[in-house]
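K.L.:
Give me a model of this one.
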Amino acid sequence: MTEVVSPQEYAVCNTCTLQLVRLAYGRRWTFRVVREPLRIGMLLLGWYHQVHPKDYKVRTESCYGCMRFRKTALKEKSATFRWLNDRMNPRFDRMIESIVTKEELQAAKEYARDSTQSR
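P.N.:
This is a model prediction of the structure:
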């Protein structure tokens, strides 16, 4: 039986991955080829572990649909996900950072902090 972990009252992010992914999709078609299988794997593991991203409260409407909630919950619930994430996430981060500019990365960080901090 899978233990149910209650979501945080409000989600907190350090970087808006949605912004970076949109930029990367527009600049390199190969990024989509790499990301989509990873995203589908997270969706399947989330389904298996009964992760429901809609259970998380967000302060910004655009945060709905972000994989951050699923990823956070999977880190808590799935040893398989933690093992895979430890190996794939550094490569994914390097790839996306090679596509977007430092300024765009900084803007995504600022947007995430501004969007998830209490008002």
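K.L.:
Pull out the buried residues from stretch 110-119.
P.N.:
Neighbour counts over stretch 110-119 (16 or more other CB atoms under 10 Å) mark Tyr111, Ala112, Ser115, Thr116 as buried. The way it works is simple: take the backbone N, C-alpha and C, and place the C-beta from them, glycine included.
K.L.:
Residues touching that stretch, excluding its own?
P.N.:
10-16, 19, 58-60, 62-63 (CB atoms under 8 Å, 6 or more residues apart in numbering).
K.L.:
With stretch 25-34 instead?
P.N.:
Applying CB under 8 Å, 6+ apart, the set of residues contacting stretch 25-34 from outside is Val21, Ala24, Phe92, Met95, Ile96, Ile99, Val100.
K.L.:
Produce a PyMOL select command limited to the buried residues of those residues.
P.N.:
Filtering the contacts of stretch 25-34 down to the buried ones (16+ other CB under 10 Å) takes a single PyMOL command:
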select buried, resi 21+24+96+99+100
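K.L.:
in this structure, which helix or strand is least confident?
P.N.:
Every helix and strand in the chain was compared by mean pLDDT, DSSP states H and E; the lowest is helix 68-77, with a mean of 87.
K.L.:
now that one, how far from the centre of its chain.
P.N.:
Relative to its chain's centre, helix 68-77 lies at 9 Å (CA atoms, centre = their mean, to the nearest Å).
K.L.:
Counting by contacts, list what the helix or strand following that helix packs against.
P.N.:
Using DSSP states H and E, the helix or strand that follows helix 68-77 in sequence is helix 79-99. Under the contact criterion of 3 or more CB pairs under 8 Å, 6 or more residues apart in numbering; DSSP states H and E, helix 79-99 touches helix 17-27, helix 29-48, helix 68-77.
K.L.:
okay, the angle between the first one and helix 79-99?
P.N.:
The reference is to helix 17-27. 60 degrees (axes from the mean of the first three to the mean of the last three CA atoms, to 10 degrees).
K.L.:
Look up how far Glu36 lies from Leu84.
P.N.:
15 Å (CB to CB, to the nearest Å).
K.L.:
Cheers, nothing more for now.
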